[in-house]
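*Asks:* Pasting the sequence and the predicted coordinates here, then a few questions.
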Amino acid sequence: MPIPVYGHPGTYRPGDTFHNRIDLSLSGVHRPRRAGVCGTQLLGAESIVLAGQYEEDDFGEEEILYSGNGGRDPKTGRQIMDQVPTTGILALLRSVETGQPVRVLRKVLAEDGEPDVYRYEGLYQVVSSTYGPGKSGFQVYVFQLRPFRTA
């Protein structure tokens, strides 16, 4: 198991872009090639990817709302059942407790026929979580993240 990295990995900084999930993985900025959360229940989350897959996700200047994973129909992408605590959700819940910085990456849709990219948005702190009815009526986890500030 790789050693967790909290904070900026290597020389990568906010604004850097990556062509695809493989580039994210090889760089170490976000190791999983498919999962939206990199982390463990024991140590917390290292990084997350906002890819526009969940209806509760919202990226704002001073706050991110990030939905837990699971409960979606694989064909339509619609929420069809309640979310249950999986590895990613448990890692984010742990991050609320630890206060460790989490790297945030976001899929940016390209214009004019250019390919989509993943942009490193920076370090955030998971400040809270809720579990309740989402927009589709099913129970979902929603995590509130704010820019990480060192004391």
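*Replies:* All right, it came through fine.

*Asks:* any weak-confidence spans in this protein?
*Replies:* In the predicted model of the chain, residues 1, 151 satisfy pLDDT under 70.

*Asks:* again, only this time at 80
*Replies:* 1-3, 113, 150-151 (pLDDT under 80).

*Asks:* ok, which stretches of it are helices?
*Replies:* Applying DSSP state H to the chain gives helices spanning 21-27, 87-98.

*Asks:* Would you convert those into a markdown table that also reports distance to residue 59 and mean neighbour count?
*Replies:* In this view, the C-beta of every residue, glycine as well, is placed from N, C-alpha and C. A markdown table is the format used below for the helices of the chain (distance: least, Cβ to Cβ, whole Å; neighbours: other Cβ atoms under 10 Å):
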| stretch | distance to residue 59 | mean neighbour count |
| --- | --- | --- |
| helix 21-27 | 17 | 15 |
| helix 87-98 | 16 | 19 |
